[in-house]
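Novice: Build the 3D model from these lines:
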Amino acid sequence: MTSSDLANLEIAMDAAESGATCRVVIRLGDQTLAARLHRESGIDRTLAMSMVAAPSFAAAALDPSVLGAFEWRGEQYSLIRTNSPLSDDIGLADDLVAHRREKSPPRRRSSMPSITFGQFYETVPKSFKILFTQIIILAAASVVVFSVGMRLSLIDAIYFVTTTLTTTGYGDINVREQGWLLKLYTCVMMVLGSAGVAVVYSIITNFIVTTRFEELEGRQRVTFSDHIILVGLGNVGTRTVEYLSHMGYQVVAVDADVSARDRKLLPASVHFLAGDGREPEVLDRAGVSRCAAVISMTDNDATNLSIGLSAKKLKPDLRAVVRIFEASFAKKVEGVLNIDAALSASKLSAPSFVAAALGEGLVYSFVEDGVLKVIRDDEGRLSFEVLELNKLS
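Specialist: Residues are numbered from 1 along each chain as shown. The predicted structure is shown next:
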């Protein structure tokens, strides 16, 4: 269980080659390699801390009553204590059930930037706003001029002004038989109209291109609601995003590094923002005032606490879940600070490594009251066992 996949692999291969009869369980982040090893070598089980811990982080953000979470046969399950189980819940103990979580309808992110009138208006320079207003005034005045001067109906006058300003006149209405003053006015309107249309096109193009670049650089503003904000795209963070996205939840991923290594692994429905999650401006861009939960999973405990507390200050009723590396400190955080759940990835995953070493078919494992509780796949059904380990904390 070292932090090096190669070291773990070498130790496991040495153990397998030695002919030892004990079970060989290793920690391995590369799941593609893990699948091959499980089939082709004497290694009994490969586990990744990120894959074991991620469902519990996701579940903690969704439901305060969840003890843990796991994936089994392509479905997501949460461990819940209840005396009134639902019809599709799987009973494990007297009051412990595995509750299958229904997937929300998947939400796909549009390939084009989301454009609102407010965003568009803010990006337009003041000089362009003045010019556009003048074009509108010119068009309105011209409708009156041609309606009176050429004795056109209101609709015909609007039609003629529109085709003239956009220089797309069809020739069905013209000023050839009109006086010189009206002809001169039409010429001026054509010049101003073509310039005005070019300006409008440039404004729209500039906005779309700018917004697209902001999206690529992670600087856009989130406009939807009831989403989950996750800060910190490490191994566990990325797995948690994938889990939530697979369940159909809208997720906004935030990382200080715009070129974060794991960004390219994010599902297509996930929005990415670049920035320091401790900054209120970044949380505001991520839509913290409208979100359901914030999960902070950077590699620094203090940063995670700062993000969780900042999010709570901006929206007190959201669920704040933070990653704390020291398990004993995590328990203190929940008891003292305004944090809904403080979880340690190593503490969440450690029982699974122990349970995998003790038997086949491991699905999920957790520690409660100093007792190791294990859920296994027993020939297509879930079984539950309790292992008394006196020194397990």
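
Novice: Can you tell me the number of residues neighbouring A355?
Specialist: Residues contacting A355 under the criterion other Cβ atoms under 10 Å number 25. Heads up, the C-betas are built off the backbone N, CA and C, glycines and all.

Novice: actually D317, not the one I wrote
Specialist: Residues lying near D317 (other Cβ under 10 Å) number 6.

Novice: just A342 next, same as before
Specialist: 26.

Novice: Over to the one 4 residues further on?
Specialist: For S346, the count of nearby residues is 15 (other Cβ under 10 Å).

Novice: same check, this time on the one 3 residues further on
Specialist: Here the neighbour count serves as a burial measure; for S349 (other Cβ under 10 Å) it reads 22.

Novice: need the contact list for it.
Specialist: Contacts of S349 were listed using Cβ atoms under 8 Å, 6 or more residues apart in numbering, and they are 47, 49, 52-53.

Novice: Mind doing that once more with 7 Å?
Specialist: Going by Cβ atoms under 7 Å, 6 or more residues apart in numbering, S349 touches 49, 52-53.

Novice: Quick check: next helix or strand after the helix-or-strand element of the chain with minimal mean pLDDT?
Specialist: Lowest on mean pLDDT, DSSP states H and E among the helices and strands of the chain sits helix 117-123, with a mean of 61. Later in the chain than helix 117-123, the nearest helix or strand by DSSP states H and E is helix 126-149.

Novice: one step back: which one of the contacts of S349 has the most neighbours?
Specialist: Going by other Cβ under 10 Å, A53 tops the contacts of S349 with 27 neighbours.

Novice: State the distance from it to V386.
Specialist: Taking Cβ to Cβ, to the nearest Å as the measure, A53 falls 22 Å from V386.

Novice: Kindly report the same for N300.
Specialist: Distance from N300 to V386, by Cβ to Cβ: 36 Å.

Novice: cool, A341 as well?
Specialist: Taken as Cβ to Cβ, the span from A341 to V386 is 24 Å.

Novice: Kindly report the same for S352.
Specialist: S352 is 15 Å from V386, by Cβ to Cβ.

Novice: So for the two, which residue has more residues nearby?
Specialist: S352 (24 against 10).

Novice: Using just helix, strand and coil, how would you label that one?
Specialist: Here S352 is helix, with the state taken from DSSP: H, G, I helix; E, B strand; the rest coil.

Novice: can you check the one 4 residues further on too?
Specialist: The three-state label given to A356 by three-state DSSP is helix.

Novice: Thought L362 was touching it, still the case?
Specialist: Yes. Counting by Cβ atoms under 7 Å, A356 touches L362, with 4.6 Å between them.

Novice: so K373 sits in a strand?
Specialist: Yes. K373: assigned to a strand according to three-state DSSP.

Novice: So what pairs up with it in the strands?
Specialist: F366, V386 (DSSP bridges).

Novice: ok, it touching V386?
Specialist: Yes. Using Cβ under 7 Å, K373 is in contact with V386, at 5.4 Å.

Novice: residues near D44, how many?
Specialist: So D44, with other Cβ under 10 Å, has 17 neighbours.

Novice: now it: how far from F132?
Specialist: Taken as Cβ to Cβ, the span from D44 to F132 is 70 Å.

Novice: Likewise for M190?
Specialist: Counting by Cβ to Cβ, the gap from M190 to F132 is 18 Å.

Novice: wouldn't D95 be in contact with N83 here?
Specialist: Yes. With contact defined as Cβ under 7 Å, D95 counts as touching N83 (5.6 Å).

Novice: Between the two, which has more neighbouring residues?
Specialist: D95 (12 against 7).

Novice: Just give the nearest non-adjacent residue to that one, would you?
Specialist: Spatial nearest neighbour of D95, excluding adjacent residues (Cβ to Cβ, 6 or more residues apart in numbering): R81 at 5.0 Å.

Novice: so that neighbour bridges to which residues?
Specialist: With DSSP bridges as the rule, R81 is bridged to L96.

Novice: and P55, that's in a helix?
Specialist: Yes. If the criterion is three-state DSSP, then P55 is within a helix.

Novice: For the residue nearest to it when sequence neighbours are not counted, list each beta-bridge partner.
Specialist: In this structure, P55 finds its nearest non-sequential neighbour in A69, 3.7 Å apart by Cβ to Cβ, 6+ apart. Judged by DSSP bridges, the bridge partners of A69 are S78.

Novice: Give the burial count for A69, as a bare number.
Specialist: A69 has 26 nearby residues by other Cβ under 10 Å.

Novice: Same check on D172?
Specialist: 9.

Novice: Same check on L387?
Specialist: Using other Cβ under 10 Å, L387 has 16 neighbouring residues.

Novice: Can you tell me how far it is from V143?
Specialist: Taking Cβ to Cβ, one finds L387 at 85 Å from V143.

Novice: Same check on G248?
Specialist: For G248, the distance to V143 - Cβ to Cβ - is 51 Å.

Novice: Between those two, which is the more surrounded one?
Specialist: Ranked by neighbour count (other Cβ under 10 Å), G248 and V143 place V143 first, with 20 against 14.

Novice: Next up, phi/psi of the residue positioned nearest the centre of the chain, please.
Specialist: The centre of the chain sits closest to V251, judged by Cα atoms, centre = their mean, with a distance of 2.2 Å. Here is the backbone geometry of V251 (degrees, to the nearest 10): phi -120, psi 140.

Novice: Who does it form a beta bridge with?
Specialist: Under the criterion used (DSSP bridges), V251 bridges to I228.

Novice: Test my guess that it contacts D226.
Specialist: No. Contact criterion Cβ under 7 Å: V251 and D226 do not qualify, at 11.4 Å.

Novice: count of residues packed around T2?
Specialist: Neighbour count of T2, defined by other Cβ under 10 Å: 11.
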